[in-house]
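Visitor: Quick one: sequence plus predicted model below, questions after.
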Amino acid sequence: MTDAAVIELRGFAISRNDTLLLEPTDMVIATGERLLITGPSGCGKSTFLKRLCALEPGNEEQVWLRGEQAARWEMPKLRKTMAYLPQTPVMLEGSVRDNLCLGLSLRVYKGMQFSDDRLRDALASVNLDIDLESNATRLSPGQKARVALLQRLMLTPDVLLCDEPIASLDQENAQLVVRVLAEAGAAGMTQIIVSHQGLPDLYGRQYRLNQARLELVE
């Protein structure tokens with residue numbers, strides 16, 4: 001692994017119920033790089049992300065982070081380094097503020113704090129005009145998706161894994177999310193984004209997951 005690489009896959013393969021979803025794959029992903037992966041529903045895109053960050057076990061010995069096998073990483077350190085954004089985020093009982101600051105309760109973020117002004121600016125960046133005291137569980141799906149994205153971005157992980165980040169958004173808000181992701185990428189955050197559709201104005205190395213192969217799109 002080169003000094004610039006954040007992730008290396010060595011023989012990374014996925015099977016489920018005797019079905020091969022991804023044949024053994026080698027790949028190096030550089031710090032600050034963005035991978036865009038498309039493919040039809042059910043082809044294994046979400047599973048690929050979950051296996052990368054060990055939310056679904058089975059591939060820890062085939063993933064290397066910063067030159068060290070993921071199986072050797074302590075889970076809190078792994079979660080701080082690599083954040084996963086699911087397609088359908090769940091808000092916990094409590095306020096929007098509580099959910100935005102949820103990660104700060106973890107020991108690895110000890111001493112980190114967000115002011116209300118910073119939280120409001122973050123909400124405004126994705127067109128969320130909601131009170132910090134609002135009940136997060138009562139937000140619309142599109143609002144929840146943007147709050148969940150901000151929750152991850154504000155913790156500044158080295159790697160962000162996004163599963164269909166604009167699926168529940170209208171065109172205007174999808175464009176805002178794409179802009180926020182682009183800004184985070186420009187600041188050095190590595191991103192792996194899966195979608196069944198293309199993401200306009202978001203650039204990076206593009207793959208299509210097809211018949212258990214990650215095919216580079218030229």
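Guide: Yep, it's here.

Visitor: beta partners of residue 7?
Guide: Following DSSP bridges, residue 7 is listed with bridge partners residue 29, residue 65.

Visitor: I'd like the distance between it and residue 134.
Guide: Distance, residue 7 to residue 134, by CB to CB, to the nearest Å: 36 Å. C-beta here means a position set from N, CA and C on the backbone, and glycine is covered the same way.

Visitor: between those two, which one's more packed in?
Guide: Neighbours were counted for residue 7 and for residue 134 using other CB atoms under 10 Å; residue 7 has more, 25 against 16.

Visitor: residues in contact with the more buried one?
Guide: Under the criterion of CB atoms under 8 Å, 6 or more residues apart in numbering, the contact partners of residue 7 comprise 27-29, 52, 63-65, 159, 190.

Visitor: Just name the closest of those to residue 214, please.
Guide: Ranked by distance to residue 214 (CB to CB), the contacts of residue 7 are led by residue 27 at 7.5 Å.

Visitor: Would it be right to say that the closest one lies in a helix?
Guide: No. Applying DSSP: H, G, I helix; E, B strand; the rest coil, one finds residue 27 to be strand, outside a helix.

Visitor: SS state for the closest residue to residue 102 other than its chain neighbours?
Guide: Computed as CB to CB, 6 or more residues apart in numbering, the closest residue to residue 102 that is not its neighbour in sequence is residue 151, at 6.3 Å. Classification of residue 151 using three-state DSSP returns helix.

Visitor: Verify the stated contact: residue 151 with residue 103.
Guide: Yes. Taking contact to mean CB atoms under 8 Å, the distance of 6.6 Å between residue 151 and residue 103 places them in contact.

Visitor: Roughly how far does the residue nearest to residue 63 when sequence neighbours are not counted sit from residue 100?
Guide: Beyond its immediate neighbours in the sequence, the residue positioned closest to residue 63 (CB to CB, 6+ apart) is residue 70, lying 4.1 Å away. Residue 70 is 28 Å from residue 100, where distance means CB to CB.

Visitor: tell me the mean pLDDT for stretch 85-98?
Guide: When pLDDT is averaged along stretch 85-98, the result is 95.

Visitor: Please read the previous query as pertaining to stretch 142-161.
Guide: Along stretch 142-161, the predicted local confidence has a mean pLDDT of 97.
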